[in-house]
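**Student:** Below: sequence and its predicted model.
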Amino acid sequence: MSEQNHRASEWHWEQALVDDYFNHRWHQVLEPLCETFQRWKAGELGHDAVSHAIEEAYKEKCILHNFAAQRIDRAVGLIQWWDRGWFEGWVEKHRSSQSVQPAPALA
């Protein structure tokens with residue numbers, strides 16, 4: 001495989017990882033918000049709880065927005081650092097032809 005093809009393959013692998021992580025994180029942000037709206041609609045929560053849930057989701061949305069603005073290699077490194085368990089599980093399911101080594105765990 002040529003160096004250019006190898007790099008393109010590596011980029012696609014990294015992009016798939018980042019896309020899947022981004023989707024995973026959005027589910028973590030939006031599912032509790034949906035649950036809060038459902039509980040509010042059922043009369044179990046007041047407006048203050050909904051307002052708080054929206055504010056928390058917005059904070060997480062800002063973090064995700066900043067994450068999405070990173071270079072692909074930096075995003076991969078952040079995923080390894082933020083959520084090593086998720087990263088290692090994803091790598092197991094998506095082995096690539098190139099050797100991608102996880103970053104050392106932080107002490």
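**Tutor:** Arrived safely, thanks for sending. Numbering: from 1, shown residues only.
**Student:** buried ones in the one helix or strand Glu14 maps to?
**Tutor:** Assessed by DSSP states H and E, Glu14 sits inside helix 3-41. For helix 3-41, burial by neighbour count (16 or more other CB atoms under 10 Å) applies to Glu10, Trp13, Glu14, Leu17, Val18, Tyr21, Arg25, Val29, Leu33, Thr36. Using the backbone N, CA and C atoms, a C-beta is placed for each residue, glycine as well.
**Student:** Which single one of these is nearest to Ile79?
**Tutor:** Tyr21 (5.0 Å; CB to CB).
**Student:** which residue packs closest to the closest one, ignoring adjacent ones?
**Tutor:** Spatial nearest neighbour of Tyr21, excluding adjacent residues (CB to CB, 6 or more residues apart in numbering): Ile79 at 5.0 Å.
**Student:** Provide the count of other residues in contact range of the one you found.
**Tutor:** Applying other CB atoms under 10 Å, we find 25 residues neighbouring Ile79.
**Student:** try Phe87
**Tutor:** 20.
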